[in-house]
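Colleague: Give me a model of this one.
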Amino acid sequence: FAGSGDKGMVLKLIELSTLLDSDTLKKYSHFKHYLAKAIWVKGNISEAIILFEQLYSNNIYLRHSIRNMLKCLLTDSTINRSEAVLFIIINFAKRLGTNYKDFYPLACIWKCCILSEWFTDQSIALELLEQVEGLRKAVMSNISYIVLIALKTNQIDLVYRLLEVLIRCEPKTQYTKVVGVLFDYKVSKRDLQGY
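Modeller: Now for the predicted structure:
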């Protein structure tokens, strides 16, 4: 019901679960994270974010489930969204990173933005990478994978811009990994001048 945005049915199930006096249901906040998901799917992202933040801060048992839900929701919302929605979800993810040291949601947004075909999205991603140290740590383990995806779609300029950010922000190990992947790409394309 949450995935289809059926808020009414989710509310009925939550109401039913509150009638059952169970420690497990209390432990999982009577599954209100599904209500937040239904609200998000219906398009009221601001209201869903408020509910997700309340649940995230008040219930540590739900954090893993919320992170899994947010991965899909953030990816869909980052790809199919307006600039205002992107700004709202980035600020939400930044708050999770700042308040709880959980940079995973911001890393999901970053990945979508950096691989976007839009220059503005890529610029936002590169800015985030420079500004948020916790994001850099979360992203660096997957940087070679991101570069491979970018090169698969022939986004070479993006890789060069990413290298510029890496040389300013990160130790040389990540930089050399990216250069190695870029070198292999140039060799495979038989681009003598490029490599």
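Colleague: where do the helices sit along this structure?
Modeller: With DSSP state H, the ranges of helices along the chain come out as 7-19, 23-27, 32-41, 45-58, 63-79, 83-100, 104-114, 119-131, 133-140, 143-152, 156-169, 172-188.
Colleague: Report the buried residues of the fifth one.
Modeller: Spelled out, it's helix 63-79. 63, 65-66, 69-70, 73-74, 77-78 (16 or more other C-beta atoms under 10 Å). Placement of C-beta: from N, CA and C, glycine included.
Colleague: cool, the fourth one as well?
Modeller: Of the residues in helix 45-58, those scored as buried under the neighbour-count criterion (16+ other C-beta under 10 Å) are 45, 48-49, 51-53, 55-56.
Colleague: Pick out the shakiest of the helices of the chain, pLDDT-wise.
Modeller: Per-segment confidence across the helices of the chain bottoms out at helix 23-27, which has a mean of 71 in mean pLDDT.
Colleague: Quick one: distance of it to the chain centre.
Modeller: Taking C-alpha atoms, centre = their mean, to the nearest Å, the mean C-alpha location of helix 23-27 is offset from the chain mean by 28 Å.
Colleague: Dump it to PDB, restricted to CA.
Modeller: Output for helix 23-27, consisting of C-alpha atoms alone and laid out as PDB, is shown next (Å, rounded to 0.1, in the frame of the first residue of the first chain):
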ATOM      1  CA  ASP A  23       6.200  -4.800  22.000                       C
ATOM      2  CA  THR A  24       7.300  -5.500  18.500                       C
ATOM      3  CA  LEU A  25       4.800  -3.100  17.000                       C
ATOM      4  CA  LYS A  26       5.800  -0.400  19.500                       C
ATOM      5  CA  LYS A  27       9.500  -1.200  18.700                       C
END
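Colleague: okay, the buried residues of helix 63-79 in a markdown table with distance to residue 150 next?
Modeller: Conversion of the buried residues of helix 63-79 to a markdown table gives the following (distance: C-beta to C-beta, whole Å):
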| residue | distance to residue 150 |
| --- | --- |
| 63 | 31 |
| 65 | 31 |
| 66 | 29 |
| 69 | 27 |
| 70 | 24 |
| 73 | 24 |
| 74 | 20 |
| 77 | 21 |
| 78 | 16 |
